[in-house]
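Peer 1: kindly generate the corresponding structure for this input.
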Amino acid sequence: MASAKLAVAELNKGAGISGRPCQLIVVDAADESDNIETSLCGLVESGDVDAIVGMHTSAVRQRILRAVGGHLPFVYTPLYEGGESTPGVFAIGETTTCQLRPAINWLGTNRKPKRWFAVGNDYVWPRVSHRMARQYIADIGSELINETYVPIGSHDFTQVLDSIKAMHADAVLVSLVGQDAVEFNRAFGQCGLSKSLLRLSCAIGENELLAIGAENAENLYVASGYFATLDTDANLAFKERYLTHFGERAPTLNTFGQSTYEGLHFLGSLMGADRRNEMGQDPFSYLSARGCAYAGNRANLTPIYMARCNGNAFEVITRL
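Peer 2: Numbering: from 1, shown residues only. As a prediction, the model looks like this:
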C-alpha cells in the first residue's frame, strides 16, 4: 500500500494519468476473500474504476478475469508462471522461465545439488513452475525426485519434511506463498535441515525473511527481480523517494510492494497519450526500482538477481 501510494503521489505531481488525477481504490484480493468478484463487478458497473492494478496470486487473477476480464485494462504486477494472453491484461512481473531456469543453472554450477524435492501451494503458479523446473533440473544433470502440494493456509509441514528426509533430497524448491512459506521455512530450520540442504524460492520477500528468522535461513536462496538491498542507481533513487515520502519508519520494502509502485507507473505510461502509439512496437520503459522495459507479456525485460539469505537480510550475489 505504501508503494502504491507513493506512485499515486508522484503521478499526481505531474499530469496524473491521461491528464486526470489518479485515485486509489483498494479491494481485498486475498485468496480466502469471498467477495472479490462482487466488489469488482460493482465498481466496474458503476463506472468508479478505469483500470485494475493487481498484486495477488494467479488463482485470484483467474477469478478477476472471469468476473470483469476485457472490460478495462488490468496490470498484473507480481511474479507468475507466464503465458497470460488475455486481451487487456498486462503482466509485468517476473515469469518462471526468467527466474527459475537461470537460478537452477547457477545452483547447479556453484552448489551442485543432485536430488531436488519441490513443495508448493496447490494452484496454478507452483504446478506450472514445477513442471518447468523438472526440465531445468534435468538439463543440469540432476533429478526432481518428488513434488508435493498443500492448500493455501497450511501450517503443519511435518509430513513434507519427513518425506524430504526419507527421500534423501539435497535441494528443495519452495513454491509456497506468504505465511505458508514462513511456516515451512521455520519448521525446515527447526528440524535441522537448513545446515545440509539447499532451498530455492522465487517468492520470498523481506517481510517473509524477517518472519522466518535468521536462525532458519541458512542455505536459503531467492531469485527475484527486486531486493531492497540492490545497489543500483534505480533502486537507490527509489528508496530515497520512498523514505522522503514516508520517513524512516516506513514499511519494509520488498518485491511485492515495489511491484505495485511499478504497476501504477506502468499504467500511467500505458494510458498516456505519448505512449499509445508505442504499444506493440519497441519496448517502452516506465518508472520502477529495477529499470524495466515492456514489449508484451512474452517480452517483459526484467533483470533477475540471485540472493542468499544472510541473517535477516538478502545478500545479492549476482545478476542472473
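Peer 1: against residue 291, how distant is residue 236?
Peer 2: For residue 236, the distance to residue 291 (CB to CB, to the nearest Å) stands at 12 Å. (Glycine included, C-beta is placed from N, CA and C.)
Peer 1: give me the buried positions along stretch 311-320.
Peer 2: Within stretch 311-320, the residues scored as buried using 16 or more other CB atoms under 10 Å are 313-314, 316, 320.
Peer 1: average pLDDT across that stretch?
Peer 2: Averaged across stretch 311-320, the pLDDT comes to 96.
Peer 1: hmm, who's touching it?
Peer 2: 102-103, 106, 206, 209-210, 213-214, 217, 222-223, 227-231, 303-309 (CB atoms under 8 Å, 6 or more residues apart in numbering).
Peer 1: next one: that stretch to chain centre, how far?
Peer 2: Centre-to-centre, stretch 311-320 and its host chain are 16 Å apart (CA atoms, centre = their mean, to the nearest Å).
Peer 1: using CSV, write down the CA coordinates of it.
Peer 2: Extracted C-alpha coordinates of stretch 311-320, given in CSV (Å, rounded to 0.1, in the frame of the first residue of the first chain):
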residue,chain,number,x,y,z
GLY,A,311,20.8,-13.2,8.8
ASN,A,312,17.7,-11.1,8.4
ALA,A,313,18.7,-9.6,5.0
PHE,A,314,19.2,-10.6,1.4
GLU,A,315,22.8,-10.6,0.2
VAL,A,316,22.6,-10.2,-3.6
ILE,A,317,25.2,-12.4,-5.2
THR,A,318,24.8,-11.9,-8.9
ARG,A,319,22.6,-10.9,-11.7
LEU,A,320,21.4,-14.0,-13.5
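Peer 1: and stretch 32-41, which residues are buried?
Peer 2: In stretch 32-41, counting by 16+ other CB under 10 Å, buried: 36, 39-40.
Peer 1: quick check: end-to-end length of that stretch?
Peer 2: Using CA to CA, to the nearest Å, one end of stretch 32-41 lies 18 Å from the other.
Peer 1: from the chain's centre, how far out does it sit?
Peer 2: 22 Å.
Peer 1: who touches that stretch?
Peer 2: Stretch 32-41 has contacts (CB under 8 Å, 6+ apart) with 27-29, 49, 52, 60, 63-64, 66-68, 152-153.
Peer 1: out of those residues, which end up buried?
Peer 2: Buried among the contacts of stretch 32-41 (16+ other CB under 10 Å): 27, 29, 49, 52, 60, 63-64, 68, 152.
Peer 1: which residues touch whichever strand or helix holds residue 101?
Peer 2: Residue 101 belongs to helix 96-110 when assigned by DSSP states H and E. With contacts defined as CB under 8 Å, 6+ apart, helix 96-110 is touched by 79-82, 113, 125, 128-129, 132-133, 136-137, 139-142, 171, 173, 198, 200, 202, 221, 223-225, 302, 304, 306, 318, 320.
Peer 1: what subset of the residues you listed is buried?
Peer 2: Judged by 16+ other CB under 10 Å, buried ones among the contacts of helix 96-110: 79-82, 113, 125, 128-129, 132-133, 136-137, 140, 142, 171, 173, 198, 200, 202, 221, 223-225, 302, 304, 306, 320.
Peer 1: okay, and which of these map to helices?
Peer 2: Using DSSP state H, 125, 128-129, 132-133, 136-137 are the members of the buried ones among the contacts of helix 96-110 that sit in helices.
Peer 1: closest to residue 242 among those residues?
Peer 2: Residue 242 lies nearest to residue 125 out of those, by CB to CB, at 27.4 Å.
Peer 1: ok, the closest one - contacts?
Peer 2: 57-59, 80-81, 96, 175.
Peer 1: 7 Å - rerun?
Peer 2: 57-58, 80-81, 175 (CB atoms under 7 Å, 6 or more residues apart in numbering).
Peer 1: between those, which sits nearest residue 118?
Peer 2: Nearest member of the contacts of residue 125 to residue 118, counting by CB to CB, is residue 175, at 6.8 Å.
Peer 1: give me the pLDDT for that closest one.
Peer 2: Model confidence at residue 175 (pLDDT) stands at 98.
Peer 1: please enumerate the strands of the stretch 101-250 of the chain.
Peer 2: Along the stretch 101-250 of the chain, counting by DSSP state E, counting those that start in this stretch, strands occupy 115-121, 143-150, 171-175, 198-201, 220-224.
Peer 1: avg pLDDT for the last one?
Peer 2: Average pLDDT, strand 220-224: 98.
Peer 1: tell me the angle that strand makes with strand 171-175.
Peer 2: Taking axes from the mean of the first three to the mean of the last three CA atoms, to 10 degrees, strand 220-224 and strand 171-175 form an angle of 50 degrees between their directions.
Peer 1: strand 220-224 pairs with which strands?
Peer 2: Strand pairing for strand 220-224, using DSSP bridges, gives strand 198-201 (parallel), strand 305-310 (antiparallel).
Peer 1: could you do the third one as well?
Peer 2: As defined by DSSP bridges, the strand partners of strand 171-175 come to strand 115-121 (parallel), strand 198-201 (parallel).
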